[in-house]
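1. 3D model of this:
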Amino acid sequence: MVFRILLPLIALVLIGIVVMLERNGIQLEGFTPGVVQDYTYTEPVEDDIRCLLLVDHAQSAGKEVTEQMTNVLRSMKVNYDVFEAGEFSFAQSLDSYDHLIISFPDWEVLGDSVRDIIYWVRDGGSLMNTITPEPGATLHMISQQMGVEGGFNDFTGISGICVQDQRMVGSTTKPLYELSKDPSEKMDISLQAQLSEACEVYLSSEDGSVPLLWHVPYGEGHIVVTNMALTEKYMRGFLSLAYSLMEEACLYPVINSSVYYLDDFPSPVPEGDGEFIRRDYGIDIASFYSNVWWATILNWEEKYGIRHTGVIIEDYNDLVKGPFPKNESTSQFKAFGNMLLNNRGELGFHGYNHMPLILEGKDEGKRIGAYVMWPSKEEMERSLEELSRFSHAVFPNAEFAVYVPPSNIFSETGREAIKEAVPEIRAIASFYVTHTNAHGQGTEYEQEFGVAEDGIIEMPRIVYGTYINHYDSLMAMSELNFHFVQSHFFHPDDTLDVDRYADQGWAKMSEAFEQYLDWITTDATAIREQTASEMANAVQLYDHISLKRSSDGSSVSADLGGFAGEAWFLLRMRDREPGNTVGCTLEQVANGLYLVCATQEHIEIGYQ
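-> You can find the predicted model right below:
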């Protein structure tokens, strides 16, 4: 009852704010949203090839995890050679490398060569594996050197991954990450093992009974053991951890960016009632959006320092052939959009309508639900031109640099239409992991962070919605440690869709999401809160950076190429503490892990 009495007052306050903002304009001193920079880069540098990736393409599980490992090495800017296990001469050639990665589960293919590997480790080499090794004579031949004192014969079930001693970003308040929706469900992906006291365990099972990733010295060298048969994309954060432990001090580039998207915002506000909105608040959808949902968004921006990026939908019609009618109802667009911009947020493009840019007769495998496919690239372009006209008319001082595909569905034809019709778009933000349809095809446009050959910046979103499930929690934690990135999206109409937990009510939905926000702001305090175009700039700097590393036992240094005045890195120190720095600053983000900001082309970090 009190809430209903206050509603008119809240509405008046909001209207007053909107009027004031519209009169004052949207430009803020020192901040221009939507600008993607064109940087001047120094010449690239080439690092030495010190890493050998050993593969066996006859083993399917090894092939899948190798795809993840090669992405990890490329992203960490590690130069490496790849050899099939059966074609490599270990005795003659291993001395050319400092690091060896075994990326398949059945080690019997190594045969007696495993002795050459162990001798090489004893003399100073570093060895890691990417997937749980299968029990067998070859594995048992070197299990003691791997730190195993007992077991390593049988697979056992685990239900989660627990980070030990806050060794990864995100593990301070949330050390345990479940592997399935049902925590009681066990996955037989690890070998039971009893380890020697020389081993340092970084990851374990949910109850600590099964070691999942550990480091052990052997002679002058080091061995890092991965005891998880997982090949999902979220393994990248754990594989980068494993690789970094092969070095005393391991430096690798990251993006350092956190972005929150509001998809379909601003857009036409649905008319009428929402079942669960009426149930919980006794008001219609428009009143709920203005007085409840938006108030929560503003509260999050103030409490967590979020600067939202909203992506515009002009109309919710299903037209895919022109003419495309202009939306003359702009007051709600101006109200919400100007408030977002004045809170140092940003606007991008989502679509004239919500029909994904997929071409009839070519992209049928990407179609879902009632979406209508486009008859030609030219019609796509006409709709995009109308969206651009509308957006610039409503927000004349804004710049629009980022495009988010509706439902994260996209095509090559759509990409060409974007480049032709709205060349101001410099970046595409879709999804990090696609889902497969009944035909085994990926429906969403799956991306990797980087700059594509056509110059468009690729910057996938990692997680979505208000309820972050077990899989997305793993993915979010992995990306904090791999790219030092957080990227999330959700929609205003999540509150209308049962599949997106609308039946739980907005109070519970927002409460659930605040658990995620609390986790990010508590466990990743060093990450930069940015808008989408700022992330695009950060991805450019990350994509272009190259480095030539060196270490002398008391410091790690790097000469940087593709440098444009700033670059970010993570530095893992295994048993050392950082000291004096040259050309950079650093900040601790987890036990043994530091965020490094380089401001010069040559950086040095001493340690002891």
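2. shaky segments in the stretch 401-550 of the chain?
-> Per-residue confidence of the stretch 401-550 of the chain (counting by pLDDT under 70) places the weak regions at 436-441.
3. quick one: the helices in it?
-> For the stretch 401-550 of the chain, the helices defined by DSSP state H, counting those that start in this stretch occupy 412-421, 470-482, 506-523, 532-544.
4. Which secondary structure elements does the longest one sit against?
-> Helices and strands touching helix 506-523, by 3 or more CB pairs under 8 Å, 6 or more residues apart in numbering; DSSP states H and E, are helix 275-281, helix 294-304, helix 470-482, strand 485-490. Quick note: C-beta positions are derived from backbone N, CA and C, even for glycine.
5. before we move on, which element is residue 128 in?
-> Counting by DSSP states H and E, the secondary-structure element that holds residue 128 is strand 126-129.
6. what about that strand, distance to the chain center?
-> The gap between where strand 126-129 is centred and where its chain is centred comes out at 26 Å by CA atoms, centre = their mean, to the nearest Å.
7. contacts for that strand?
-> The contact list for strand 126-129 (CB atoms under 8 Å, 6 or more residues apart in numbering) reads 98-103, 117, 121, 221-226, 242-243, 245-247.
8. likewise stretch 198-205?
-> With CB under 8 Å, 6+ apart as the contact definition, stretch 198-205 has outside contacts at 147, 158-165, 167-168, 190, 195, 210-217, 228, 238, 241, 245.
9. What residues sit buried inside it?
-> Within stretch 198-205, the residues that qualify as buried are 199-205, counting by 16 or more other CB atoms under 10 Å.
10. Tabulate those residues (TSV), appending pLDDT.
-> Supplementary listing: the buried residues of stretch 198-205 in TSV, determined by pLDDT from 0 to 100:
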residue	pLDDT
199	98
200	98
201	98
202	98
203	98
204	98
205	98
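11. Next step: those restricted to strands.
-> Secondary-structure check on the buried residues of stretch 198-205 using DSSP state E: residues within strands are 200-205.
12. Any chance of a markdown table for the residues you listed, columns distance to residue 343?
-> Supplementary listing: those in a markdown table, determined by distance: CB to CB, whole Å:
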| residue | distance to residue 343 |
| --- | --- |
| 200 | 45 |
| 201 | 44 |
| 202 | 40 |
| 203 | 39 |
| 204 | 42 |
| 205 | 43 |
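13. Tell me which two of those residues sit farthest apart.
-> Comparing all pairs in these by CB to CB, the longest separation belongs to 200 and 205, at 16.5 Å.
14. that older thread, just the buried ones among the contacts of stretch 198-205, please.
-> When burial is judged by neighbour count using 16+ other CB under 10 Å, the buried members of the contacts of stretch 198-205 are 147, 158-164, 167-168, 190, 195, 210-217, 228, 238, 241, 245.
15. Which parts of the stretch 151-300 of the chain are helices?
-> Assignment of helices within the stretch 151-300 of the chain using DSSP H, counting those that start in this stretch yields the ranges 235-244, 275-281, 285-288, 294-304.
16. Quick check: can you name the pairing partners of the strand holding residue 128 and their directions?
-> strand 99-102 (parallel), strand 221-226 (parallel) (DSSP bridges).
17. Export those strands as TSV, with columns for distance to residue 419.
-> Rendered in TSV, the data for the strands paired with strand 126-129 read as follows (distance: least, CB to CB, whole Å):
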stretch	distance to residue 419
strand 99-102	38
strand 221-226	41
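18. Switch the ones you listed over to CSV; also include mean pLDDT.
-> Putting the strands paired with strand 126-129 into CSV (pLDDT from 0 to 100) gives the following:
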stretch, mean pLDDT
strand 99-102, 98
strand 221-226, 98
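19. what's the lengthiest strand in the chain packed up against?
-> With secondary structure taken from DSSP E, the chain has its longest strand at strand 148-158. If you count contacts as 3+ CB pairs under 8 Å, 6+ apart, strand 148-158 packs onto strand 187-195.
20. just checking, what packs against the strand it packs on?
-> Checking 3+ CB pairs under 8 Å, 6+ apart, strand 187-195 ends up next to strand 148-158, strand 211-218.
21. and for that strand, what are the contacting residues?
-> Residues from elsewhere that reach strand 187-195 (CB under 8 Å, 6+ apart): 132-133, 135, 147-159, 179-180, 201, 205, 210-212, 214, 216, 227-230.
22. What of stretch 548-557?
-> The set of residues external to stretch 548-557 that reach it, using CB under 8 Å, 6+ apart, is 45-48, 247-249, 251, 558-559, 561, 571, 579, 582, 602-608.
23. Compute the first-to-last residue distance for that stretch.
-> The first and final residues of stretch 548-557 sit 8 Å from each other (CA to CA, to the nearest Å).
24. Quick one: distance of it to the chain centre.
-> Using CA atoms, centre = their mean, we find the averaged C-alpha position of stretch 548-557 to lie 29 Å away from the chain's own average C-alpha position.
25. ok, back up a step: closest to residue 339 out of the ones in strands among the buried residues of stretch 198-205?
-> Closest approach between those and residue 339, by CB to CB: residue 203, at 43.7 Å.
26. just to revisit the earlier point, may I ask which two of the buried residues of stretch 198-205 are separated the most?
-> Going by CB to CB, the pair spanning the buried residues of stretch 198-205 furthest: 200 and 205, at 16.5 Å.
27. Against residue 43, how distant is residue 169?
-> Plainly put, residue 169 is 32 Å away from residue 43 if you go by CB to CB, to the nearest Å.
28. Between the two, point out the one with more neighbours.
-> Regarding residue 169 and residue 43, a neighbour count based on other CB atoms under 10 Å identifies residue 169 as having more, with 27 against 8.
29. Could you point out which of the helices of the stretch 401-550 of the chain sits nearest residue 302?
-> Comparing the helices of the stretch 401-550 of the chain against residue 302 with CB to CB, the closest turns out to be helix 506-523 (12.0 Å).
30. If you compare the directions of that closest one and strand 485-490, what angle comes out?
-> With axes from the mean of the first three to the mean of the last three CA atoms, to 10 degrees defining the directions, helix 506-523 sits at 170 degrees from strand 485-490.
31. what bits of this protein have low per-residue confidence?
-> For the chain, applying pLDDT under 70 flags the ranges 1-32, 436-441.
32. Break it down into its structural domains.
-> Taking automatic domain parsing as the domain assignment, the record places the domains of the chain at 8-39+261-538, 51-247, 545-607.
33. From the chain's centroid, how far away is the last one?
-> I take that to be domain 545-607. For domain 545-607, the separation from the chain centroid amounts to 22 Å (computed by CA atoms, centre = their mean).
34. end-to-end on it?
-> The first and last residues of domain 545-607 sit 24 Å apart, counting by CA to CA.
35. So which bits of stretch 118-136 are buried?
-> With burial defined by 16+ other CB under 10 Å, the residues of stretch 118-136 counted as buried are 118, 120-121, 125-135.
36. now, among those residues, which is nearest to residue 483?
-> residue 130 (18.9 Å).
37. Correct me if wrong: the closest one contacts residue 66.
-> Yes: taking contacts as CB atoms under 8 Å, residue 130 lies within contact range of residue 66: 7.0 Å.
38. Residues contacting the helix or strand residue 140 falls within, please?
-> For residue 140, the host element (DSSP H and E) is helix 137-142. By CB under 8 Å, 6+ apart, the surrounding residues in contact with helix 137-142 are 107-108, 110-111, 114-115, 117-118, 133, 152.
39. got the CA positions of that helix in PDB?
-> What follows is helix 137-142, C-alpha atoms only, in PDB (Å, rounded to 0.1, in the frame of the first residue of the first chain):
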ATOM      1  CA  ALA A 137      52.400 -48.800 -17.500                       C
ATOM      2  CA  THR A 138      53.900 -45.600 -19.000                       C
ATOM      3  CA  LEU A 139      52.100 -43.400 -16.500                       C
ATOM      4  CA  HIS A 140      53.100 -45.500 -13.600                       C
ATOM      5  CA  MET A 141      56.700 -45.500 -14.800                       C
ATOM      6  CA  ILE A 142      56.900 -41.800 -13.900                       C
END
